[in-house]
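> I would like to see how this sequence folds:
(chains A and B)
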Amino acid sequence: MTSLILYCAIGAGLLVLLSLAVLRRPSRPEGSAEALLEARHALRTLQVGLLPQELVGRFFARDDLEYVVANAPKATARLFLEERKHIVLAWIDQVRQQIASLQDFHFGHSRHFVHVSLSSEIALAWEFATLRMVCRALYLLVYFRGPYGAQQIAGMMVAIAARVCILSEKSLAFLSPAESHALADNSARGSAPV
Amino acid sequence: MLSLVIWWTGLFLDAVILFRSFRGRSFARYPYFYTYFTCIVLVDLIRYFIYTHEPSAYRNWYWSTEFLSVAIGYGVILEILRHALARYPAVARFGSRILWTSFFAVLTYIACKSLTVTNWSAAATGAELERDLRTVQAFALAGILILITHYRIEIGRNMKGIIAGYGLFIALSVMNLAVQAHAGASIQGVLRGFQSYSFFISQFVWITALWSYQPSPKAPAAGRLESDYESLSRRTKEMLRALRERIPGKLKE
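Got it, this is the predicted structure:
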């Protein structure tokens, strides 16, 4: 009976994959400057705007809450918590969007390159999938438990996002066309390498 | 009676598909798929001849020809690889790895099975063996579908049809053969009919999708930044215009 269920599950899984492959939305044209710029912008937004330690630390620091609770009426503390929750949710949403943009760029471009290794692609796909899952979990936790209910997961998300940023930075350098300065001649006069 | 009607209609559909492939010159474009398809038509005709003239031999013939159709079914997967992934070298490399791995898995499985099974009879172990071989094909096809979905590869109407038709047939076959192997010989005859019905569905998909030749859309090559200069410049102009509207008097033309 177990084998029957297993084989039926394999068949059903193939049907699901088929419908995903045939009915999915068409991809946008790849290899465009716009895509490259978007990816660079996403990477920069993540590294400079969304993931710095101080910023993330501030979101989840309890000092502000303790100060408000100690010095303001309860209604103000409630309002503070509500506002902080909205800010954290907006932050998670932004991280998620930028990560999706990086993912789109990477997998849209890497398919054209011969020297992409299967293991690195699987590793990167795994990192992206984990990150998106953690983002979703964090969003739900913050939504239901408030901004101070998931500090550990937030730390985990930041760590994975930082790893993904490093990998994406490398792939942006690898997947984008050679910069013009790569052709700069540093050799002495009359001894240019051919 | 219903089986015979399905059989005749299926043969008619086969003929229409082959006729359209010659008329639309798609036979030469998808040679592996149409070779598979021609073999299936021939196998069907031989089966029909044996079924009507020598019904006692039909069962053994059925399983031997069924294994042949499993083997040549790899041609369809090869065709999918050739057409859907050819323009993407990295993905094509991953896809061919999947195909070869599954092909060697099948060979190893058959070798192991023939060594371990002492009382070898195609008819007795047929459903189980075909179920396992189709499952390996299902894994190979699933791997390629994951690549197509993950890398968002554009596929044309013809290729979509080939993938959908063959995928449907494989998925339904795996489930049907699992039930056959589980239920034993008692209802195998009835369930074998379902196998024909699932192929009948695939024929409808193929006849619709392969009516005329439509190649897969081409994706622009990576790394041509200059070609997008105009669109970038247009976008920047639009952004500047929007900025001017927001801050009147601050930014001059």
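
> what about the longest helix seen in chain A, near chain B?
Among the elements of chain A assigned as helix by DSSP state H, the one spanning the most residues is helix A:74-110. Yes - with C-beta under 8 Å from any C-beta of the partner chain as the threshold, helix A:74-110 lies in contact with chain B, specifically through A:F107, A:G108, A:H109, A:S110. Placement of C-beta: from N, CA and C, glycine included.

> now that helix, how far from the chain's geometric center?
11 Å (C-alpha atoms, centre = their mean, to the nearest Å).

> what's that helix packed up against?
Counting contacts by 3 or more C-beta pairs under 8 Å, 6 or more residues apart in numbering or on different chains; DSSP states H and E, helix A:74-110 packs against helix A:33-44, helix A:53-60, helix A:63-71, helix A:118-145, helix A:151-175.

> check contacts around B:R134.
Neighbour list for B:R134: B:V70, B:I170, B:S173, B:V174, B:L177 [criterion: C-beta atoms under 8 Å, 6 or more residues apart in numbering or on different chains].

> from these, which two are the most distant?
Maximum pairwise distance in the contacts of B:R134, criterion C-beta to C-beta, is 11.6 Å, between B:V70 and B:V174.

> run a quick neighbour tally on B:A242.
Applying the criterion other C-beta atoms under 10 Å in any protein chain shown, we find 9 residues in the vicinity of B:A242.

> no, scratch that, I was asking about A:S110
In terms of burial, A:S110 registers 21 neighbours under the definition other C-beta under 10 Å.

> B:S64 and B:R134: what is the separation?
When C-beta to C-beta, to the nearest Å is the yardstick, B:S64 and B:R134 sit 16 Å from each other.

> one step back: and chain A, which of the contacts of B:R134 reach it?
When those are checked against chain A using C-beta under 8 Å from any C-beta, the ones in range are B:I170, B:S173, B:V174, B:L177.

> my guess is the second one meets B:Y197, correct?
No - the pair formed by B:S173 and B:Y197 falls short of the contact definition of C-beta atoms under 8 Å, at 10.9 Å.

> who has more neighbours out of those two?
Here B:S173 and B:Y197 are set side by side on neighbour count (other C-beta under 10 Å), and the busier one is B:S173, at 27 against 15.

> which residue, other than its chain neighbours, is closest to the more buried one?
Counting by C-beta to C-beta, 6 or more residues apart in numbering or on different chains, B:R134 is the residue found nearest to B:S173 once chain neighbours are left out, at 5.0 Å.

> tell me the confidence at the one you found?
The predicted structure scores B:R134 at 87 on the pLDDT scale.

> gap between it and B:A171?
The spacing between B:R134 and B:A171, counted by C-beta to C-beta, is 9 Å.

> ditto for A:R145
Computed with C-beta to C-beta, the distance linking A:R145 and B:A171 is 41 Å.

> B:W61 now?
With distances taken as C-beta to C-beta, B:W61 is found 26 Å from B:A171.

> neighbour-wise, which of these two wins?
More crowded of B:W61 and B:A171, by other C-beta under 10 Å: B:A171, with 25 against 18.

> so which helix or strand takes in the more buried one?
For B:A171, the enclosing helix or strand under DSSP states H and E is helix B:157-183.

> ok, B:T52 next?
When the helices and strands are read off by DSSP H and E, the one containing B:T52 is helix B:31-53.

> run through who's touching that helix.
Outside helix B:31-53, the residues within contact range by C-beta under 8 Å, 6+ apart are B:7, B:10-11, B:14-15, B:17-18, B:21, B:26-27, B:57-58, B:61-62, B:65, B:68-69, B:72-73, B:75-76, B:78-79, B:82, B:162, B:199, B:206.

> out of these, which are inside helices?
Filtering those for membership in helices, criterion DSSP H, returns B:7, B:10-11, B:14-15, B:17-18, B:21, B:58, B:61-62, B:65, B:68-69, B:72, B:75-76, B:78-79, B:82, B:162, B:199, B:206.

> list buried residues within those residues.
If you count burial by 16 or more other C-beta atoms under 10 Å in any protein chain shown, the buried members of the ones in helices among the contacts of helix B:31-53 come out as B:7, B:10, B:14, B:17, B:21, B:61-62, B:65, B:72, B:75-76, B:78-79, B:82, B:162, B:199, B:206.

> and A:Y148, which of the three is it?
coil (DSSP: H, G, I helix; E, B strand; the rest coil).

> just to revisit the earlier point, can I get the contacts of B:R134 in TSV including pLDDT?
Written out in TSV, the entries for the contacts of B:R134 read as follows (pLDDT from 0 to 100):
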residue	pLDDT
B:V70	83
B:I170	92
B:S173	88
B:V174	89
B:L177	84
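
> between the residues you listed, which sits nearest A:L18?
B:I170 (9.3 Å).

> skipping adjacent residues, who's closest to the closest one in space?
The shortest distance from B:I170 to any residue other than its chain neighbours is 5.1 Å, reached at B:A138 (C-beta to C-beta, 6+ apart).

> before we move on, back to that, chain center to the helix holding B:T52: distance?
Here helix B:31-53 is found 18 Å from its chain centre; the criterion is C-alpha atoms, centre = their mean.

> now stretch B:68-83
Its chain's C-alpha centre and that of stretch B:68-83 lie 7 Å apart, by C-alpha atoms, centre = their mean.

> need the residues that contact it.
Stretch B:68-83 is contacted from outside by B:30-33, B:35-36, B:39-40, B:43, B:92, B:95-96, B:99, B:103, B:130, B:133-134, B:137, B:140-141, B:144, B:155, B:158-159, B:162-163, B:166, B:170, B:216, using C-beta under 8 Å, 6+ apart.

> buried residues, the longest helix of chain A. List them.
Under 16+ other C-beta under 10 Å, the buried positions of helix A:74-110 are A:77, A:80-81, A:84-85, A:88, A:91-92, A:95-96, A:98-99, A:101-110.

> enumerate the positions of the lowest-mean-pLDDT helix or strand in chain A that are buried.
Counting by mean pLDDT, DSSP states H and E, the weakest-scoring helix or strand in chain A turns out to be helix A:33-44, with a mean of 75. By neighbour count, with 16+ other C-beta under 10 Å as the criterion, the buried positions of helix A:33-44 are A:A33, A:A35, A:L36, A:E38, A:A39, A:R40, A:A42, A:L43.
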